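Q: Structure for the following, please:
(2 chains)
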Number of protein chains: 2
Amino acid sequence: MFEAAVYVTLKKGILDPEGKAIMNSLRSLGYDQVEEVKSGKFFLLKLKAQDRTTAEEEVRQICEKLLVNMVMEDYTFELREVGR
Amino acid sequence: MFEAAVYVTLKKGILDPEGKAIMNSLRSLGYDQVEEVKSGKFFLLKLKAQDRTTAEEEVRQICEKLLVNMVMEDYTFELREVGR
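A: A predicted model of the protein is given here:
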């Protein structure tokens, strides 16, 4: 059993209205030391796979077919083997 | 300058309709090996701080005041010093 932590962020140059809104709120709360906020998505997947290579390939497919909009978003993931 | 990667997930027991929808889509795409999907949010903050302890305290405050709904969500973050 493997657990994949998938991090999805907007590609460079794509507007990030959520990040901007958070930035503005931080300013009005007085957190002037924050210089940049980027918002993104985070997914945890648990999957069965024979080995690490298979698991990696499956997570990659799932990301590119379903979780990530490849036109606007980048992703990375970390895979670790878990018990059970 | 520090960079904080903040991971926000739903607390145990809180319904995760997005995770459930993804799970259903994976089933219909034939990815039966996936056993669980949890959805969450991911933020990248860049902030100025004198030292690591100050940066940690600030990120904690920002999470609890603004980024995280402490009733329904859990968070963790990783902090690393970056150049510039």
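Q: Just the helices from chain A, written as ranges.
A: With DSSP state H as the criterion, chain A has helices at A:17-29, A:52-62.
Q: mind checking which of these is nearest B:K41?
A: Taking Cβ to Cβ, helix A:17-29 is the member of the helices of chain A nearest to B:K41, at 9.1 Å. Quick note: C-beta positions are derived from backbone N, CA and C, even for glycine.
Q: Flag the shaky bits of chain A, pLDDT-wise.
A: Within chain A, the ranges that satisfy pLDDT under 70 run A:84.
Q: Contact residues of it facing chain B?
A: Applying Cβ under 8 Å from any Cβ of the partner chain, one finds that chain A approaches chain B through A:1, A:5, A:7-9, A:19, A:22, A:25-26, A:29, A:31, A:33-49, A:58, A:61-62, A:65-67.
Q: Keep only those of the residues you listed that are in strands.
A: Judged by DSSP state E, the subset of the residues of chain A next to chain B located in strands is A:5, A:7-9, A:34-47.
Q: from these, which would you call buried?
A: For these, a burial check counting by 16 or more other Cβ atoms under 10 Å in any protein chain shown picks out A:5, A:7-9, A:34, A:37-47.
Q: out of the residues you listed, what pair is the most spread apart?
A: Once Cβ to Cβ is applied, these give A:V34 and A:L47 as the farthest pair, at 35.9 Å.
Q: Please name the nearest non-neighbouring residue to A:I62.
A: Leaving aside its sequence neighbours, A:I62 sits nearest to B:Y31 (Cβ to Cβ, 6 or more residues apart in numbering or on different chains; 6.2 Å).
Q: number of nearby residues for that neighbour?
A: Neighbour count of B:Y31, defined by other Cβ atoms under 10 Å in any protein chain shown: 17.
Q: List phi and psi for it.
A: phi -90, psi 70 (degrees, to the nearest 10).
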